[in-house]
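Whatever this is, show me its structure:
(one chain, ligands or ions: 1)
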Amino acid sequence: MRTPIIAGNWKMFKTIVEAKEFAQNAKAGNTSTGVQKVICAPFTALPALSAELAGTDIALGAQNMHFEEQGAFTGEISPSMLKEIGVSYVIIGHSERRQYFNETDETVNKKVVAALKADLVPIVCVGESLEQREAGETSDIVRTQTEAAFSGLTPAQVAGSIIAYEPIWAIGTGRSSTAEDANETIAIIRSVIAEKFGQETAQQVRIQYGGSVKPENIASYMAQPDIDGALVGGASLVADSYLQLVNGASQR
Ligand SMILES: O=C[C@H](O)COP(=O)(O)O
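This is a model prediction of the structure:
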């Protein structure tokens, strides 16, 4: 049985003061068990969150990192810098980074390799645009992105990673994929993992859905057999809403 995982992706929201306030509220209302909880915050808020959330079961994630350990890469953050401040997860290949910051399948792969080497759990994002969906290319796109992201890795490394299926047209739009459609594409991603790394790995790797997930619809996603949680943007910004998502996932 795969443990559900609810990861909040705050994107470029929250100052340190706002992040601390979230952490205090989340700690006060955090009663659910059986769900892995992760908050992926802006770099600047991570040290304060690390201190506030110490001793809780809410883990910290970053939203990006460089694949090199150090070097002349102005503005970048390395895997060990994240580890040093108590980060355990890192989102890699989010569609916003692919779209606005030149992230490619090749850099995604390098980052996944570097994250695992540094003992960070990568949350690898894949997903199609509306144009690609309407052209019937969804399964080809997620196949290509999944194969590329995990190229050269061992089955154990893949089993320990998280995949987030996020159809780009559903991100921040309020237009979520139906739970059935999301499950269908996630099952395709799982079958790609099975082909490349074996059935056992495919049954172990956790695959989230992301795109306009809210407390009101989380249960419908969690009721699907292949959906193991959610990567949530907007609805993870308020502690009460984030905890409701966690509660929804714990009732699976
Ligand atoms: O990483 C999270 C996703 O981009 C989803 O964002 P959203 O929940 O605001 O649609």
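
and the stretch 1-150 of the chain, which of its residues are near the ligand?
9, 94 (CB under 6 Å from any ligand atom). (C-beta placed from N, C-alpha, C; glycine too.)

Which parts of the stretch 51-200 of the chain are strands?
Taking DSSP state E, counting those that start in this stretch as the test, the strands found in the stretch 51-200 of the chain are 58-62, 89-92, 121-126, 162-165.

Export those strands as TSV, with columns for mean neighbour count and mean pLDDT.
Listed next are the strands of the stretch 51-200 of the chain as TSV, based on neighbours: other CB atoms under 10 Å; pLDDT from 0 to 100:
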stretch	mean neighbour count	mean pLDDT
strand 58-62	22	98
strand 89-92	26	98
strand 121-126	27	98
strand 162-165	28	98
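
want to try a markdown table for those, with distance to Glu216 as columns?
Below are these laid out as a markdown table (distance: least, CB to CB, whole Å):
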| stretch | distance to Glu216 |
| --- | --- |
| strand 58-62 | 22 |
| strand 89-92 | 24 |
| strand 121-126 | 23 |
| strand 162-165 | 20 |
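
Before we move on, what's the pLDDT of the residue of the stretch 101-250 of the chain found nearest the ligand?
Proximity of the stretch 101-250 of the chain to the ligand (CB to the nearest ligand atom) peaks at Gly233, 2.5 Å away. Gly233 carries a pLDDT value of 98.

ok, now Ala249?
Ala249 is assigned 95 on the pLDDT scale.

would you say it is within a helix?
Yes: under DSSP: H, G, I helix; E, B strand; the rest coil, Ala249 falls within a helix.

Which residue, other than its chain neighbours, is closest to it?
In space, and not counting its chain neighbours, Ala249 is closest to Pro4: 4.2 Å by CB to CB, 6 or more residues apart in numbering.

again with Phe150
Val158 (5.2 Å).

repeat for Ala48
Leaving aside its chain neighbours, Ala48 sits nearest to Ile16 (4.8 Å; criterion: CB to CB, 6+ apart).

pretty sure the one you found contacts Ser50?
No: here Ile16 does not reach Ser50: they are 11.6 Å apart, not a contact under CB atoms under 8 Å.

Any idea how many residues pack against the residue in the stretch 1-150 of the chain that the ligand sits nearest to?
Proximity of the stretch 1-150 of the chain to the ligand (CB to the nearest ligand atom) peaks at Asn9, 3.5 Å away. For Asn9, the count of nearby residues is 27 (other CB atoms under 10 Å).

residues touching it, list them.
40, 63, 91, 94, 210, 231-233, 236 (CB atoms under 8 Å, 6 or more residues apart in numbering).
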